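*Asks:* here is a sequence with its predicted model. Questions after.
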Amino acid sequence: MTDTYFVTGTDTDIGKTLAAKALLQAVNALGMRTAGYKPVAAGCEQTSEGLRNGDALTLQRAGSVALDYASVNPYALTRPLSPHLAAPMDNVNIDAAVLTQGLRQLQASADVVVVEGAGGWLVPLSDTQNLNQWVIEHRLPVILVVGIRLGCLNHALLSKRVIEADGLRLAGWIANHVDPNAACQQENLAYLTRHLGTPLLGRIPHLQETGGDVGHYLDLSALTLQGRQPPGSL
Ligand SMILES: Nc1ncnc2c1ncn2[C@@H]1O[C@H](COP(=O)(O)OP(=O)(O)OP(=O)(O)O)[C@@H](O)[C@H]1O
Ligand SMILES: C[C@H](N)[C@H](N)CCCCCC(=O)O
Ligand SMILES: [Mg+2]
(Lines give C-alpha, C1' and ligand atoms only; values in the text may rest on other atoms or scores of the structure.)
(Ligands and ions follow the chains in the order given, each with its own letter.)
Protein backbone atom coordinates (compact mmCIF):
# COMPACT_ATOMS: atom_id res chain seq x y z
CA MET A 1 0.00 0.00 0.00
CA THR A 2 1.53 3.28 -1.11
CA ASP A 3 0.95 6.50 0.79
CA THR A 4 0.47 9.43 -1.56
CA TYR A 5 0.46 13.06 -0.43
CA PHE A 6 -0.43 16.09 -2.49
CA VAL A 7 1.65 19.16 -1.65
CA THR A 8 -0.08 22.46 -2.25
CA GLY A 9 0.86 25.95 -1.15
CA THR A 10 -0.46 29.35 -0.29
CA ASP A 11 0.83 30.66 -3.63
CA THR A 12 3.39 30.09 -6.33
CA ASP A 13 7.03 30.67 -5.32
CA ILE A 14 6.52 30.04 -1.61
CA GLY A 15 8.56 26.86 -1.26
CA LYS A 16 6.39 23.89 -2.29
CA THR A 17 9.33 22.29 -4.09
CA LEU A 18 11.66 22.81 -1.13
CA ALA A 19 9.02 21.36 1.22
CA ALA A 20 8.28 18.43 -1.12
CA LYS A 21 12.01 17.71 -1.25
CA ALA A 22 12.11 17.85 2.57
CA LEU A 23 9.23 15.35 2.74
CA LEU A 24 11.00 12.96 0.36
CA GLN A 25 14.27 13.25 2.29
CA ALA A 26 12.54 12.76 5.65
CA VAL A 27 10.81 9.62 4.36
CA ASN A 28 14.07 8.39 2.81
CA ALA A 29 15.59 8.63 6.29
CA LEU A 30 12.91 6.21 7.51
CA GLY A 31 14.22 3.66 5.01
CA MET A 32 11.20 3.77 2.71
CA ARG A 33 11.14 3.94 -1.10
CA THR A 34 10.06 7.36 -2.31
CA ALA A 35 9.09 9.01 -5.58
CA GLY A 36 8.39 12.65 -6.31
CA TYR A 37 5.78 13.59 -8.92
CA LYS A 38 5.31 16.95 -10.63
CA PRO A 39 2.42 16.15 -12.96
CA VAL A 40 2.26 19.60 -14.56
CA ALA A 41 5.29 21.91 -14.69
CA ALA A 42 5.11 25.31 -16.35
CA GLY A 43 8.48 26.95 -16.97
CA CYS A 44 11.01 24.67 -18.63
CA GLU A 45 14.36 24.83 -20.34
CA GLN A 46 14.88 23.27 -23.71
CA THR A 47 17.74 20.77 -23.44
CA SER A 48 19.18 18.17 -25.81
CA GLU A 49 16.97 15.63 -24.01
CA GLY A 50 13.79 17.71 -24.25
CA LEU A 51 12.01 20.19 -21.98
CA ARG A 52 13.22 20.10 -18.37
CA ASN A 53 11.72 21.82 -15.31
CA GLY A 54 13.74 22.65 -12.19
CA ASP A 55 11.07 21.47 -9.73
CA ALA A 56 10.76 18.11 -11.46
CA LEU A 57 14.54 17.66 -11.56
CA THR A 58 14.71 18.43 -7.83
CA LEU A 59 12.01 15.86 -7.06
CA GLN A 60 13.56 13.30 -9.41
CA ARG A 61 16.86 13.60 -7.48
CA ALA A 62 15.24 13.64 -4.02
CA GLY A 63 13.20 10.46 -4.51
CA SER A 64 15.00 7.23 -3.64
CA VAL A 65 13.59 5.25 -6.58
CA ALA A 66 15.47 5.78 -9.86
CA LEU A 67 12.97 7.20 -12.37
CA ASP A 68 13.24 8.65 -15.84
CA TYR A 69 12.29 12.29 -16.27
CA ALA A 70 8.98 11.69 -18.05
CA SER A 71 7.77 9.49 -15.20
CA VAL A 72 8.30 12.35 -12.76
CA ASN A 73 6.90 15.05 -15.05
CA PRO A 74 4.51 13.98 -17.82
CA TYR A 75 3.53 17.56 -18.76
CA ALA A 76 6.56 19.85 -19.19
CA LEU A 77 5.37 23.21 -20.52
CA THR A 78 7.73 25.83 -21.86
CA ARG A 79 6.45 29.08 -20.40
CA PRO A 80 6.36 30.06 -16.69
CA LEU A 81 2.65 30.83 -16.71
CA SER A 82 -0.54 29.35 -15.37
CA PRO A 83 -0.85 25.88 -17.00
CA HIS A 84 -4.15 26.87 -18.67
CA LEU A 85 -2.16 29.46 -20.65
CA ALA A 86 1.17 27.64 -20.99
CA ALA A 87 -0.35 24.41 -22.34
CA PRO A 88 -2.08 25.81 -25.46
CA MET A 89 1.04 27.86 -26.25
CA ASP A 90 2.84 24.50 -26.62
CA ASN A 91 -0.16 22.96 -28.43
CA VAL A 92 -0.71 20.68 -25.45
CA ASN A 93 -4.03 19.58 -24.01
CA ILE A 94 -3.67 18.40 -20.40
CA ASP A 95 -5.48 15.08 -20.00
CA ALA A 96 -6.29 14.07 -16.42
CA ALA A 97 -6.09 10.39 -17.46
CA VAL A 98 -2.39 10.90 -18.28
CA LEU A 99 -1.82 12.42 -14.82
CA THR A 100 -3.50 9.39 -13.29
CA GLN A 101 -1.54 6.88 -15.36
CA GLY A 102 1.70 8.56 -14.23
CA LEU A 103 0.63 8.45 -10.59
CA ARG A 104 -0.27 4.75 -10.79
CA GLN A 105 3.14 3.95 -12.26
CA LEU A 106 4.93 5.67 -9.36
CA GLN A 107 2.66 4.07 -6.77
CA ALA A 108 3.68 0.68 -8.16
CA SER A 109 7.34 1.27 -7.34
CA ALA A 110 7.39 3.46 -4.20
CA ASP A 111 6.13 3.24 -0.61
CA VAL A 112 5.49 6.99 -0.52
CA VAL A 113 4.71 9.29 -3.44
CA VAL A 114 4.92 13.05 -2.92
CA VAL A 115 3.00 14.99 -5.58
CA GLU A 116 3.74 18.68 -6.02
CA GLY A 117 1.00 20.84 -7.49
CA ALA A 118 1.58 24.02 -9.48
CA GLY A 119 0.78 27.41 -7.96
CA GLY A 120 -1.99 27.21 -5.35
CA TRP A 121 -4.95 24.91 -4.73
CA LEU A 122 -7.27 26.09 -7.53
CA VAL A 123 -4.70 26.50 -10.30
CA PRO A 124 -6.37 26.07 -13.70
CA LEU A 125 -5.19 23.40 -16.15
CA SER A 126 -7.61 24.60 -18.82
CA ASP A 127 -10.62 26.86 -18.98
CA THR A 128 -12.81 24.11 -17.54
CA GLN A 129 -10.42 22.07 -15.41
CA ASN A 130 -8.60 22.89 -12.14
CA LEU A 131 -5.89 20.75 -10.57
CA ASN A 132 -7.88 20.28 -7.34
CA GLN A 133 -10.45 18.24 -9.31
CA TRP A 134 -7.81 15.63 -10.06
CA VAL A 135 -6.75 15.57 -6.38
CA ILE A 136 -10.40 15.10 -5.37
CA GLU A 137 -10.77 12.25 -7.89
CA HIS A 138 -7.90 10.43 -6.16
CA ARG A 139 -8.91 11.47 -2.64
CA LEU A 140 -5.31 12.37 -1.82
CA PRO A 141 -4.47 13.74 1.63
CA VAL A 142 -3.10 17.26 1.28
CA ILE A 143 -0.10 18.95 2.88
CA LEU A 144 -0.25 22.75 2.85
CA VAL A 145 2.99 24.69 2.59
CA VAL A 146 2.69 28.19 3.96
CA GLY A 147 5.28 30.67 2.79
CA ILE A 148 5.60 32.83 5.89
CA ARG A 149 5.21 36.37 4.61
CA LEU A 150 2.68 39.19 4.74
CA GLY A 151 -0.60 37.94 3.25
CA CYS A 152 -0.04 34.30 4.13
CA LEU A 153 -2.63 34.17 6.92
CA ASN A 154 -5.50 34.89 4.58
CA HIS A 155 -4.09 32.60 1.87
CA ALA A 156 -3.59 29.77 4.37
CA LEU A 157 -7.10 30.06 5.82
CA LEU A 158 -8.67 30.26 2.36
CA SER A 159 -6.70 27.22 1.21
CA LYS A 160 -7.69 25.21 4.30
CA ARG A 161 -11.33 26.14 3.86
CA VAL A 162 -11.51 25.10 0.21
CA ILE A 163 -9.44 21.91 0.63
CA GLU A 164 -11.84 20.80 3.38
CA ALA A 165 -14.91 21.95 1.43
CA ASP A 166 -13.56 19.75 -1.38
CA GLY A 167 -13.94 16.84 1.04
CA LEU A 168 -10.21 16.22 1.44
CA ARG A 169 -8.13 15.74 4.54
CA LEU A 170 -5.48 18.30 5.40
CA ALA A 171 -2.84 15.90 6.74
CA GLY A 172 -0.51 18.63 7.95
CA TRP A 173 1.14 21.91 7.16
CA ILE A 174 4.72 23.10 6.77
CA ALA A 175 5.90 26.60 7.63
CA ASN A 176 8.52 27.81 5.18
CA HIS A 177 10.38 30.98 6.08
CA VAL A 178 10.79 32.05 2.49
CA ASP A 179 11.05 35.78 3.26
CA PRO A 180 13.88 36.65 5.68
CA ASN A 181 12.53 40.19 6.08
CA ALA A 182 8.93 39.29 6.92
CA ALA A 183 7.81 40.94 10.17
CA CYS A 184 6.30 39.04 13.12
CA GLN A 185 7.15 35.56 11.79
CA GLN A 186 6.78 33.91 15.22
CA GLU A 187 3.42 35.57 15.79
CA ASN A 188 2.15 34.45 12.38
CA LEU A 189 3.39 30.94 13.01
CA ALA A 190 1.61 30.88 16.37
CA TYR A 191 -1.62 32.17 14.80
CA LEU A 192 -1.54 29.50 12.09
CA THR A 193 -0.74 26.78 14.63
CA ARG A 194 -3.87 27.78 16.53
CA HIS A 195 -6.13 28.14 13.49
CA LEU A 196 -5.14 25.57 10.86
CA GLY A 197 -6.29 22.64 13.00
CA THR A 198 -3.81 20.21 11.46
CA PRO A 199 -0.33 19.15 12.63
CA LEU A 200 2.66 21.37 11.91
CA LEU A 201 5.06 18.91 10.26
CA GLY A 202 7.99 21.28 10.51
CA ARG A 203 9.48 24.71 9.99
CA ILE A 204 12.03 25.32 7.29
CA PRO A 205 14.14 28.37 8.18
CA HIS A 206 15.33 30.85 5.60
CA LEU A 207 18.37 29.12 4.11
CA GLN A 208 21.44 30.56 2.41
CA GLU A 209 21.74 27.32 0.47
CA THR A 210 18.67 25.22 -0.39
CA GLY A 211 20.55 22.43 -2.20
CA GLY A 212 21.40 20.17 0.76
CA ASP A 213 19.41 17.96 3.10
CA VAL A 214 16.29 19.67 4.41
CA GLY A 215 14.49 16.54 5.59
CA HIS A 216 15.72 17.05 9.14
CA TYR A 217 13.51 20.15 9.49
CA LEU A 218 10.43 17.90 9.44
CA ASP A 219 8.94 15.53 11.98
CA LEU A 220 6.65 13.06 10.23
CA SER A 221 5.33 11.35 13.34
CA ALA A 222 1.88 12.88 12.72
CA LEU A 223 1.64 11.14 9.32
CA THR A 224 0.34 7.58 9.36
CA LEU A 225 2.78 6.03 6.90
CA GLN A 226 1.75 2.42 6.20
CA GLY A 227 5.25 1.19 5.43
CA ARG A 228 6.94 2.85 8.41
CA GLN A 229 9.28 0.49 10.23
CA PRO A 230 8.85 0.14 13.99
CA PRO A 231 11.37 2.30 15.92
CA GLY A 232 14.78 0.64 16.28
CA SER A 233 14.31 -1.79 13.38
CA LEU A 234 16.37 0.12 10.80
N1 LIG B 1 13.32 28.47 3.19
C2 LIG B 1 13.88 29.03 2.13
N3 LIG B 1 15.08 29.64 2.23
C4 LIG B 1 15.67 30.21 1.17
N5 LIG B 1 15.15 30.22 -0.06
C6 LIG B 1 13.94 29.62 -0.23
C7 LIG B 1 13.24 29.00 0.85
N8 LIG B 1 12.08 28.50 0.38
C9 LIG B 1 12.04 28.76 -0.92
N10 LIG B 1 13.15 29.43 -1.30
C11 LIG B 1 13.47 29.90 -2.66
O12 LIG B 1 12.32 30.57 -3.16
C13 LIG B 1 12.08 30.22 -4.52
C14 LIG B 1 10.70 29.60 -4.67
O15 LIG B 1 10.67 28.35 -3.98
P16 LIG B 1 10.03 27.06 -4.64
O17 LIG B 1 10.55 26.91 -6.02
O18 LIG B 1 10.21 25.92 -3.72
O19 LIG B 1 8.50 27.56 -4.72
P20 LIG B 1 7.21 26.81 -5.25
O21 LIG B 1 6.12 27.13 -4.32
O22 LIG B 1 7.55 25.39 -5.45
O23 LIG B 1 6.90 27.50 -6.67
P24 LIG B 1 6.08 26.91 -7.96
O25 LIG B 1 4.66 27.36 -7.82
O26 LIG B 1 6.79 27.52 -9.13
O27 LIG B 1 6.20 25.42 -7.95
C28 LIG B 1 13.23 29.29 -4.93
O29 LIG B 1 14.28 30.05 -5.50
C30 LIG B 1 13.68 28.70 -3.61
O31 LIG B 1 15.03 28.27 -3.59
C1 LIG C 1 5.14 29.52 -13.39
C2 LIG C 1 4.97 29.26 -11.90
N3 LIG C 1 6.27 29.14 -11.29
C4 LIG C 1 4.15 28.02 -11.64
N5 LIG C 1 4.80 26.90 -12.27
C6 LIG C 1 2.71 28.15 -12.11
C7 LIG C 1 1.96 29.17 -11.30
C8 LIG C 1 0.53 29.30 -11.75
C9 LIG C 1 -0.22 30.37 -10.98
C10 LIG C 1 -1.57 30.61 -11.53
C11 LIG C 1 -2.33 31.65 -10.73
O12 LIG C 1 -2.86 31.31 -9.67
O13 LIG C 1 -2.34 32.81 -11.13
MG1 LIG D 1 7.65 24.30 -7.14
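*Replies:* The structure has been received and is ready for your questions. Ligands and ions are numbered 1, 2, ... in the order given.

*Asks:* residues of the protein that sit close to ligand 2?
*Replies:* Taking C-beta under 6 Å from any ligand atom as the test, the list of the chain residues beside ligand 2 reads 12, 42, 43, 80, 81, 82, 118, 119, 120, 123. Bear in mind the C-beta positions are built from the backbone N, C-alpha and C, glycine included.

*Asks:* again, 8 Å this time
*Replies:* Taking C-beta under 8 Å from any ligand atom as the contact definition, the chain meets ligand 2 at 11-13, 41-43, 55, 79-83, 86, 118-120, 122-124.

*Asks:* of these, which belong to helices?
*Replies:* Counting by DSSP state H, the residues of the chain next to ligand 2 place 55, 83, 86 in helices.

*Asks:* export those residues as a markdown table, with columns for neighbour count.
*Replies:* Listed next are those as a markdown table, based on neighbours: other C-beta atoms under 10 Å:
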| residue | neighbour count |
| --- | --- |
| 55 | 22 |
| 83 | 25 |
| 86 | 24 |
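
*Asks:* quick one, helices of this structure?
*Replies:* Under the criterion DSSP H, the chain carries helices at the ranges 16-28, 54-62, 69-72, 83-89, 96-107, 131-138, 152-165, 185-195.

*Asks:* which one of those lies nearest to residue 203?
*Replies:* With respect to residue 203, and counting by C-beta to C-beta, the nearest of the helices of the chain is helix 185-195 at 7.1 Å.

*Asks:* distance-wise, check the closest residue to ligand 3 within the chain relative to residue 167.
*Replies:* Per C-beta to the ion, residue 17 is where the chain lies closest to ligand 3, at 3.4 Å. Applying C-beta to C-beta, to the nearest Å, the value for residue 17 to residue 167 is 26 Å.

*Asks:* more neighbours: those two, which one.
*Replies:* Of the pair residue 17 and residue 167, residue 17 is the one with more neighbours under other C-beta atoms under 10 Å, namely 25 against 8.

*Asks:* I'd assumed residue 57 was in contact with that one.
*Replies:* No - in terms of C-beta atoms under 8 Å, residue 17 does not count as a neighbour of residue 57; the distance is 9.8 Å.

*Asks:* show the pLDDT at the residue of the chain closest to ligand 3.
*Replies:* The predicted local confidence for residue 17 comes out at a pLDDT of 98.

*Asks:* give the contact list for the closest residue to it other than its chain neighbours.
*Replies:* Computed as C-beta to C-beta, 6 or more residues apart in numbering, the closest residue to residue 17 that is not its neighbour in sequence is residue 55, at 4.4 Å. If you count contacts by C-beta atoms under 8 Å, 6 or more residues apart in numbering, residue 55 has them with 16, 17, 38, 41, 116.
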